[in-house]
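Participant: mind looking at a prediction? Sequence and model below.
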Amino acid sequence: MAKIRLKYRQILWTCFIVSMLLLNILFIIDLTIRHTSPDNIKKWLSGPHEGPTKFLKIEVLSSREAASVSVDGSIIFSENHKRGLHVLVLNQMNGQLMASRRFDCYIPGGDNTLPSFLQSLANGRIVIFTILDEATFSLTDTSREAISDLDSQLIKTLKWRDAWAYVTIKGKGNIAEDVGRSVSVSTWGNPVHIYVTIPVIVEGENVECEWLQSTANDRRKKFCSIYEGYDELCNCANPFPLTSISPVLPNNRVSDVPVTIIASNRPMYLYRSLKTLLSTPGANASQTLVFIDGFYQEPVDVAAMFGVRAFKHEPASQKNGRISQHYRASLTKTFDTFPNAKYAIVLEEDLDVSPDFYSYFSQTRHLMDEDSSLYCISAWNDQGYKHSCEDPSLLYRVETMPGLGWLLSRNLFKKELEPLWPPPEKLWDWDMWMRTEFIRKGRECIIPDVSRTYHFGESGQNINPYFQNVYFKKHTISKVHDVTLKNTDRMTKDAYEKYLLDLMQSAILLDHSLDPCMKDFGFIPDTKDKTYIMFISMVKRNDYETWMQLAKCFHLWDLDARGYHHGLWRFWLKGNHVLVVGVPYSPYKDHKPDGLEPIKLERKKKRKE
């Protein structure tokens, strides 16, 4: 009798377990059906394979307070601070995260790179969209169309403060999508949760490109199986070459100068920067170093793809102080790595370089050897916008260190900068610190009229898409391959003063009775290749009130005063060279005709509420 009861219990337990298993299967099927249309399931399962061998269970949250994504119960993304549209890309074979991007579509220009990013993704990838807080205010029609091309049914009707989550397979269609509508401008849509189960197909799926067998392509193959968004690098038909050798630069005087790239966790920027740098005549991967602020693996792997050494630096301090400490550690490591290097070229990960980047420094390096009144040579002109620069062979001397691609001497760094570098508790901008008179000591930098670098970064500690669009996007970069710089012998301290004397004596005086802020730069005559001079009010060294207003009128850098030499600014407008002299401060005040009243502009006062 006892044996019969035991057997009966075993049968009951077996029935219970089978029932629970069936209930779980029904639950999974129900979730899939509720968030996935039957047509898409059928489309996903159709193909040359025998059937799914695994399922990925994906959960997506979109709300005002938080956005998150979980795969098989593990959180792979969670954000409660950075608003915007968050896009994640998963490997369809294993569910691994391959890319995560944030587009702050509240700010104008915040989605500039969204369409190209989506276009770069390989077919078959699982693409997940989720909104934290708000992501429609500046979402462009171009971006909406790009998401619609991935089979979204709701993106074109998405409105202010709607919550929205979307899971799709690129090239195969909509898997799950839901929206929480905002009912008024002062409210947010209800949180959206998506639960979806996606079958993983292994057999019969060919997700690898058939590149030629080589060491470089082995690196490429491994990289492209881990990361997404690198269209040219991972393109099956026409991949970006990794083994190409940059052209030789004749009479290269910077072949022994290492190049340091200051980087963080912006691997796509680093990829673009290395791609342009290492294809430039004179480039040498073995002389190039990348320094990463933090323990991030993707930028290290990007550098390795190009045969460039990368070093991770443990973050210290915060905000601008953290950047400052990263700079110091990177420059120290650079000169330690190359103990015989007299100089180093310093770049940042969000800079393009011109075709004559190395040639520019090769032709100017000797000035640092010959003239102790110089403390840097920069590839960047703060005033070098498309409308305000003209001659790629022309050089200036300026008091404000521009950065953004510059030549630094070992002596200056080791003897002066490194011992005095601001400590971690000082949250200072390192470049502002370098511009102080305490550090500058009356020395200047050489800069080009037309910049040899271009700032393309839209995200970072001190940059966003709006700021990039207003202050950097319209800068120009030299496109000429072979530029012979003129008058480099006139760039030493005394020779430059004689050169300026000749220039000002031959300059044509502008009509000071006219409004310098006339529309379309009407203050400047409709001529070409003339040199004009004007005089503005500048009572003392730091009196930049008139200059700042003039900079706004001429659409130049107007956040602070930059690019001057003893109260003199030089730039081009309407194809003419313009000299602006601040008087009575500038030593060039004697060139002002007697009785001429300098132009004085005042900052417009804000209206009182």
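Facilitator: Sure thing, it's come through.
Participant: going forward, measure contacts and count neighbours with C-alpha atoms only.
Facilitator: Noted.
Participant: start to end distance for stretch 299-314?
Facilitator: One end of stretch 299-314 to the other measures 15 Å (Cα to Cα, to the nearest Å).
Participant: can you list the buried residues in that stretch?
Facilitator: 299-303, 305-313 (16 or more other Cα atoms under 10 Å).
Participant: show me where the stretch 101-250 of the chain has strands.
Facilitator: Taking DSSP state E, counting those that start in this stretch to define them, one finds strands in the stretch 101-250 of the chain at 126-132, 163-169, 173-180, 192-200.
Participant: looking at the ones you listed, which is buried most?
Facilitator: strand 163-169 (a mean of 28; mean count of other Cα atoms under 10 Å).
Participant: and it, which strands flank it?
Facilitator: Strands that pair with strand 163-169, judged by DSSP bridges, come out as strand 126-132 (antiparallel), strand 173-180 (antiparallel).
Participant: quickly list what Met538 is bridged to.
Facilitator: Beta-bridge partners recorded for Met538 (DSSP bridges): Pro584.
Participant: please apply the same query to Asp293.
Facilitator: Applying DSSP bridges to Asp293, the residues it is bridged with are His313.
Participant: that one and Lys312 touch, don't they?
Facilitator: Yes - between Asp293 and Lys312 there is a contact under Cα atoms under 8 Å: 6.2 Å.
Participant: before we move on, the earlier item: now the strands paired with strand 163-169 as TSV including mean pLDDT and distance to Ala341?
Facilitator: Shown next, in TSV, are the strands paired with strand 163-169 (pLDDT from 0 to 100; distance: least, Cα to Cα, whole Å):
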stretch	mean pLDDT	distance to Ala341
strand 126-132	98	47
strand 173-180	95	55
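Participant: show me the one of these that comes nearest Thr453.
Facilitator: Proximity to Thr453 (Cα to Cα) singles out strand 126-132 among those, at 34.2 Å.
Participant: which parts of the stretch 251-400 of the chain are helices?
Facilitator: Applying DSSP state H, counting those that start in this stretch to the stretch 251-400 of the chain gives helices spanning 267-277, 297-305, 319-337, 357-370.
Participant: now the first one against helix 357-370, angle please.
Facilitator: In this structure, helix 267-277 runs at an angle of 80 degrees to helix 357-370, with axes from the mean of the first three to the mean of the last three Cα atoms, to 10 degrees as the basis.
Participant: now helix 267-277: buried residues?
Facilitator: Within helix 267-277, the residues that count as buried by 16+ other Cα under 10 Å are 267-275, 277.
Participant: helices and strands around it, which ones?
Facilitator: Judged by 3 or more Cα pairs under 8 Å, 6 or more residues apart in numbering; DSSP states H and E, helix 267-277 is in contact with helix 297-305, strand 351-353.
Participant: which outside residues touch that helix?
Facilitator: 229-230, 263, 283, 298-299, 302-303, 306, 349-353, 457 (Cα atoms under 8 Å, 6 or more residues apart in numbering).
Participant: closest one to Ser478 out of the residues you listed, please.
Facilitator: Val353 (8.7 Å).
Participant: which residues touch that closest one?
Facilitator: Residues near Val353 by Cα under 8 Å, 6+ apart: 273, 276-277, 452-454, 477.
Participant: thinking again about what came up before, okay, the strands of the stretch 101-250 of the chain in a markdown table with distance to Ile508 next?
Facilitator: Shown next, in a markdown table, are those (distance: least, Cα to Cα, whole Å):
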| stretch | distance to Ile508 |
| --- | --- |
| strand 126-132 | 58 |
| strand 163-169 | 61 |
| strand 173-180 | 65 |
| strand 192-200 | 67 |
